[in-house]
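Engineer: need a structure here:
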Amino acid sequence: MKLPLEGVLVLEFAQYLSGPCAGLRLADLGARVIKIEHPEKGEAGRKLSIKNLWLDDSSLLFNTINRNKESFAADMNNAEDMETLRRLIARAHVLIHNFRPGVMEKRMLDYESVKAINPSIVYTQISGYGSKGPWAKKPGQDLLVQALSGLAFTTGSYEDNPTPLGLGIGDYLCGNQAVQFILAALIRSRKNGKGTLLELSLLESLIDLQFEFFTTYFASGKMPERAHHHNAHSLLSAPYGIYKTSDGFIAIAMMSLQQLNKMMESQVLTQFSEGDVFSKRDEIKVVIADLLLHHPNDFWIQKAQIFDLWIMPVLNWKQMKTSKGYQVLEMEQEIASSKGGKKITTTRCPIRINNKKLYAGKAAPALNEHTQQIKQSLL
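Structural biologist: Down below sits the predicted model:
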């Protein structure tokens, strides 16, 4: 299958997660993505291990987020290497970097300098907090941005400490937002030959993620308040939340109390009206929680299906992997190490094109693996 971005050349001056995440998605869509790496150190993400897991000489994380790319070694402090990079930039359609403000400017690889080499290039710069202001040069690490953005106060219940999401949500979100606007800018460039400067930050992406909370706060002047019990969304009423049963947990989404009580058959719940679901949110949730403890997951799930209620079991990854709902998606793919040895299983691109799932099992590159080949084919 011919992929939409075949023929598009992307230069990835990026490290860790946000920039490489954008490059990964562009590669999944058919673009040729070349990582620009220091000849000796490589991209810093090569040493960012998750659970101390490694494949060859690089972290497991590096191998998963940099599959299907090429590695070009260049020292940006070396004049000869910089001249080579400028020649490569002249051939590129997209440039991505996620260095702190000032790094690319110092090396004369800022947008204006790059545009002088290649007027039609889509130049994408990702930062932690934007290019200006008191936080601009602070480390743009995901946990720190979650802390500053207020996101940590949306997770957990009222008495809990601020609770971060247990993954790099800002990095992944910002990287994928970058792809959306890169695609738009490529269409614009194809139409009129003009380049585009795209500027994104992890902080702005996480603020955008919380638009419901911010809009509510702007309108009311009041902070969204997490439920004291079983909080799942600070702006939603009872029964919305995750609850323990006698042998596991279930998630209950939006529904009226009358609907829920068809399943629960509780005299206590009849004492609450639909007008109480916000003002007495915690009282209602406590009643629901006590009732659910009397039976196992399967009992409640079967009853929920009878009444067509929005209720699901809460699965861990092992349970989800064995479920038919997961298996039919065929989300897994194998990739080998760049040295052709041990294989690892990771996830595929979550998009289908013309009913075709997108698999890209090409290994993440070894440092400097493609430098000579790229020079021969492009320079």
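Engineer: for I36, phi and psi?
Structural biologist: Here is the backbone geometry of I36 (degrees, to the nearest 10): phi -90, psi 120.
Engineer: Quick check: bridge partners of it?
Structural biologist: For I36, the beta-bridge partners under DSSP bridges are F72.
Engineer: From G102, how far out is it?
Structural biologist: 18 Å (Cβ to Cβ, to the nearest Å). (C-beta placed from N, C-alpha, C; glycine too.)
Engineer: quick one, which of those two is more surrounded?
Structural biologist: I36 (22 against 12; other Cβ atoms under 10 Å).
Engineer: So that one sits against G19, correct?
Structural biologist: No - the criterion here is Cβ atoms under 8 Å, and I36 misses it with G19 at 10.7 Å.
Engineer: Need the residues touching each of those two.
Structural biologist: Shared contacts of I36 and G19, defined by Cβ atoms under 8 Å, 6 or more residues apart in numbering, comprise E12, F13.
Engineer: tell me the contacts of the closest residue to S234 other than its chain neighbours?
Structural biologist: Spatial nearest neighbour of S234, chain neighbours left out: P224 (4.0 Å); criterion: Cβ to Cβ, 6 or more residues apart in numbering. Applying Cβ under 8 Å, 6+ apart to P224 gives the contacts T154, F213, T216, Y217, S234, L235.
Engineer: Dump these into JSON lines; add secondary structure as well.
Structural biologist: Below are the contacts of P224 laid out as JSON lines (DSSP: H, G, I helix; E, B strand; the rest coil):
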{"residue": "T154", "secondary structure": "coil"}
{"residue": "F213", "secondary structure": "helix"}
{"residue": "T216", "secondary structure": "helix"}
{"residue": "Y217", "secondary structure": "helix"}
{"residue": "S234", "secondary structure": "coil"}
{"residue": "L235", "secondary structure": "coil"}
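Engineer: Now do the end-to-end distance for stretch 333-344.
Structural biologist: One end of stretch 333-344 sits 8 Å from the other (Cα to Cα, to the nearest Å).
Engineer: How about that stretch, which residues are buried there?
Structural biologist: Q333, I335, A336, S337, S338, I344 (16 or more other Cβ atoms under 10 Å).
Engineer: now it, how far from the centre of its chain.
Structural biologist: Centroid separation between stretch 333-344 and its chain, computed with Cα atoms, centre = their mean, to the nearest Å, is 23 Å.
Engineer: And for stretch 47-54?
Structural biologist: 19 Å.
Engineer: In the stretch 101-250 of the chain, what residue spans correspond to strands?
Structural biologist: Listed in chain order, the strands of the stretch 101-250 of the chain (DSSP state E, counting those that start in this stretch) span residues 122-127, 196-201, 241-244, 249-252.
Engineer: Please name whichever of these is nearest to K106.
Structural biologist: strand 122-127 (13.7 Å; Cβ to Cβ).
Engineer: How about the contacts made by L378?
Structural biologist: Applying Cβ under 8 Å, 6+ apart to L378 gives the contacts L9, L88, R91.
Engineer: Look up how far M263 lies from the residue nearest to S246 when sequence neighbours are not counted.
Structural biologist: Nearest non-adjacent residue to S246, counting by Cβ to Cβ, 6+ apart: P296, 4.9 Å away. Here the criterion is Cβ to Cβ. By it, P296 lies 14 Å from M263.
Engineer: returning to that earlier point: ranking the strands of the stretch 101-250 of the chain by burial, who's on top?
Structural biologist: Sort the strands of the stretch 101-250 of the chain by mean neighbour count, taking mean count of other Cβ atoms under 10 Å, and strand 122-127 sits at the top with a mean of 26.
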